[in-house]
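> Take this sequence and fold it.
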Amino acid sequence: MTKGEVEVKVTYPPNGSTASPGAPAQPTPTMPAVPPQGPPPEPAAAAPRRTAWAEGTDRLRVAATTEPGRLRIIGAVLALLVVAFGAVTTWQMTERSTAADDVLRRSQPLSADAAAIYRSLADANTAASSGFLAGGQEPTAVRDRYERDIERASQKLATAAAAAGSDSSSATAVGKLNKLLPQYTGLIERARANNRQGLPLGGAYLRYANDKMQTQMLPAAEKLYKAENARLNSDYGNAKPYPWFAISLGVLALAALVWAQRRNYRRTNRVFNHGLLAATAATTVVLLWLVVGHTFARSGLDESYDHGVRSLNVLNDARISSLKARGDENLTLVSRGAETTEVAGEAEDKFDVSYRAQMKRLGGAESGLLGRAADLADDPDGERPVAEAAKNVGVWKDRHKEARSSDDSGDYQGALDKIIGGKNDRGAQPTGECFDNVDAALDRALGHEQQEFKRAAKDGRGAMTGLPVGAAVLAVLGAAGAVLGIGRRLSEYR
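Numbering: from 1, shown residues only. The predicted model follows:
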């Protein structure tokens, strides 16, 4: 600036106003917002949330990098293995224990009842033909035997009907027998009524009743017997297999516990961890109890089957064959050749042919059903009645040949005396007495084998007593011991 010049200051309003100096301030106008050009920008995408499994895996991975974290994982795995072992042992042994109990208390008794139905029906048929041969005055003992057989069959059928349940095969057989039994007894009563009057029509009724028994009733009873035997075999099949799943889990749990204790020793130089030691002891006890207990149970069940059920089946078949043979022998005299069948091109009496077939099946001391029964008998009390039955079968065959010889020569009364006994054949044993001796001996053998079955089956069932509950309790204690043992180590890091 030069001398004489005057400095002038001009003050402008704020915000760039053009108002003159000294003028009052004017409000600053607000400019309208300029709308943005184009679509608005998209917001930034949020990061996807991780799954709970992934987060849990990360936490475990982080925890596994420290010793306390690793100990917690080891403790959880040990407890889980021990509890799983106890749970599987309880489950599998409960199933096997229930099946063994069914063998002893349900399926075998029902199989015995089915066999009793068959025997009672066959014996009733035999008694009816024996009474018919005696003439119009039927012996009281024979009549009583027939009525006892019918009553026993009715009672056993009621039991079988209650136990059949959803088993359609058994229910069908029981229903058929309940329908046929009154028809059969009605035919027998008609045969008796005609026989008392000396009418030959009685023999026709008796043969008709026998045909109904042989072709309809006994096959239905045999079907029931087979169905109950199948149920028995199924129960044996459920009770005897080894619990391999439980055993494998037990071995795995025990190995894990041993590894954990070895790891603990190598890191701390301490020989024992009381909690882990208790868990190992509990697991070892359950595993040994499982293996040894089931082995003894299986042995008892095997014995009950081999020396009980198998012998009972053979003896039942032998007794049924003797009953059929006796019925056929009686009907040979009742029919007097009215019914024949062709054998090797020749006509022979139908009932005598059937008698020979049944006696061949029955066999003797070294053949047939009696020979098999003798082989299965494993003690003198079981062998003696079978040997006695075989001896009487031999006498029976001899006396039957004599009776057939008398009948073929026209001496009907002589043949009748040799079959049912009579005043003209005193001193000689009739075939009816031989049959009674065979039947009584087989009955004693059946009673003995039934007791053998019960003893062995009870031993097998008893070997599993307490195992399901004991395994569960010991597994819980073992898991608690493992957790406490690991917890003891964790406390050292606090």
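
> And the residue nearest the centre of the protein?
residue 235 (1.7 Å; C-alpha atoms, centre = their mean).

> for the strand or helix carrying that one, packing partners?
In the assignment (DSSP states H and E), residue 235 maps to helix 218-239. The contact analysis (3 or more C-beta pairs under 8 Å, 6 or more residues apart in numbering; DSSP states H and E) places helix 218-239 against helix 67-102, helix 108-133, helix 168-196, helix 274-304. Backbone N, C-alpha and C define where each C-beta goes, glycine included.

> now the angle from the next helix or strand after the shortest one to helix 168-196?
Spelled out, it's helix 108-133. On the C-terminal side of helix 108-133, the closest following helix or strand by DSSP H and E is helix 140-164. Inter-element angle recorded for helix 140-164 and helix 168-196: 160 degrees (by axes from the mean of the first three to the mean of the last three C-alpha atoms, to 10 degrees).

> Give me the residues contacting helix 140-164.
For helix 140-164, the external contacting residues (C-beta atoms under 8 Å, 6 or more residues apart in numbering) are 106, 110, 113-114, 116-117, 120-121, 123-124, 127-128, 130-131, 134, 170-171, 174-175, 177-178, 181, 185, 188, 224, 228.

> Same question for stretch 81-100.
For stretch 81-100, the external contacting residues (C-beta under 8 Å, 6+ apart) are 235-236, 238-241, 243, 245-246, 249-250, 252-253, 256-257, 279, 282-283, 286-287, 290, 294, 297, 301, 457, 460-461, 464-465, 467-469, 471-472, 474-476, 478-479, 482.

> repeat that with 6 Å
For stretch 81-100, the surrounding residues in contact (C-beta atoms under 6 Å, 6 or more residues apart in numbering) are 235, 238-239, 243, 245-246, 249-250, 253, 256, 283, 290, 460-461, 464, 467-468, 471-472, 475, 478-479.

> Emit the ChimeraX select command for whichever of the residues you listed are buried.
Those of those that count as buried under 16 or more other C-beta atoms under 10 Å are selected in ChimeraX with:
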select :235,239,243,246,249,250,253,256,283,290,460,461,464,467,468,471,472,475,478,479
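
> Narrow the contacts of stretch 81-100 to those in helices?
If you go by DSSP state H, the contacts of stretch 81-100 have 235, 238-239, 245-246, 249-250, 253, 256, 283, 290, 460-461, 467-468, 471-472, 475, 478-479 in helices.

> Low-confidence bits of the stretch 301-450 of the chain, can you list those?
Within the stretch 301-450 of the chain, the stretches with pLDDT under 70 are 422-427.

> which stretches of it form helices?
For the stretch 301-450 of the chain, helices defined by DSSP state H, counting those that start in this stretch occupy the ranges 310-335, 350-362, 368-376, 380-408, 412-420, 431-462.

> what's the first one packed up against?
In terms of contacts (3 or more C-beta pairs under 6 Å, 6 or more residues apart in numbering; DSSP states H and E), helix 310-335 is packed against helix 108-133, helix 201-212, helix 350-362, helix 368-376, helix 431-462.

> out of those helices, deepest packed?
Highest mean neighbour count of those: helix 108-133, a mean of 25 (counted as mean count of other C-beta atoms under 10 Å).

> what is the orientation angle of it with helix 310-335?
20 degrees.

> quick thing: my sequence starts at 2, can you match it?
With 2 as the first residue, the last one maps to helix 109-134.

> what's helix 109-134 packed up against?
Packing contacts for helix 109-134, counted by 3+ C-beta pairs under 6 Å, 6+ apart, involve helix 141-165, helix 219-240, helix 311-336.

> No further questions, thank you.
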